[in-house]
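[1] how would this look folded up:
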Amino acid sequence: MSGLSTALVIVAVVVLVLVRQFRTERLSQDRKWWLLPAILAVLAVKDGSLTDPHHVTTSVVLLTVELLVSVGIGIGWGLTTRVWADEHGDVWTKGTFATAGAWLGGIAARGSVVGIGLAMGVHLGTSSLMLGFAVSLLIRSGLVMLKANGERPAYVGAAAQPTWEARG
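    Alright, predicted model coming up:
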């Protein structure tokens, strides 16, 4: 995949994820929350341009930093996403102002890693950004699903009380 097409995929997925994170959305119990991050990761690795061939060691270090930053961003997104169950036991999610802050912080952190690389003469391709985004999305989605499992009734006949006010 060319750099331009990778960038377009990243932009399209970011827009999709942003829209979904900031609108109220009912979670499905059979939702394959790991599928989109897995597809993005496969595309990023398949591209073969995760590291700079002229600066292999430095680019691997920067990629590792990018992935660690991505884990932190995913944790921030997941922890700041509001999760609650309604009176029917359906679980709902919605991003908060803190989630928006995590997004902005993530953009700044990723920009810093890329900037450090450029200052060192190392070019991290768009595939590294896609892989980082996949990691962030996987962590975020996993945390949201864990939080959602805590909101579901223990058995099918149980009617959950609305808890979103207390969970804010």
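[2] strands paired with the helix or strand where residue 93 lies, and their directions?
    Assigned by DSSP states H and E, residue 93 belongs to strand 91-94. When pairing is defined by DSSP bridges, strand 91-94 lines up against strand 25-26 (antiparallel), strand 82-85 (antiparallel).
[3] which of these is buried the deepest?
    Sort those by mean neighbour count, taking mean count of other C-beta atoms under 10 Å, and strand 82-85 sits at the top with a mean of 20. Bear in mind the C-beta positions are built from the backbone N, C-alpha and C, glycine included.
[4] looking at the strands paired with strand 91-94, which has the lowest confidence?
    Sorting the strands paired with strand 91-94 by mean pLDDT places strand 25-26 lowest, at a mean of 90.
[5] and it, how far from the chain's centre?
    17 Å (C-alpha atoms, centre = their mean, to the nearest Å).
[6] How about residues contacting whatever helix or strand comes next after that strand?
    Toward the C-terminal end, the helix or strand that comes next after strand 25-26 (DSSP H and E) is helix 35-47. Under the criterion C-beta atoms under 8 Å, 6 or more residues apart in numbering, residues 1, 6, 9, 13, 50, 125, 127-128, 130-131, 133-135, 137-138, 141 lie in contact with helix 35-47.
[7] what's the pLDDT at residue 2?
    We have a pLDDT of 67 for residue 2.
[8] looking at the chain, which helix or strand does the model trust least?
    In the chain, the helix or strand scored least confidently by mean pLDDT, DSSP states H and E is helix 164-167, which has a mean of 44.
[9] Phi first, then psi, for residue 150.
    phi -70, psi -20 (degrees, to the nearest 10).
[10] could you measure the closest residue to it other than its chain neighbours against residue 101, distance?
    Leaving aside its chain neighbours, residue 150 sits nearest to residue 83 (8.0 Å; criterion: C-beta to C-beta, 6 or more residues apart in numbering). Computed as C-beta to C-beta, to the nearest Å, the residue 83 to residue 101 distance reads 18 Å.
[11] do the same with residue 32
    Applying C-beta to C-beta, the value for residue 32 to residue 101 is 28 Å.
[12] neighbour-wise, which of those two wins?
    Applying other C-beta atoms under 10 Å to residue 32 and residue 101 shows that residue 101 carries more neighbours, namely 12 against 9.
[13] Under a three-state scheme, what state does that one occupy?
    Following DSSP: H, G, I helix; E, B strand; the rest coil, we place residue 101 in the helix state.
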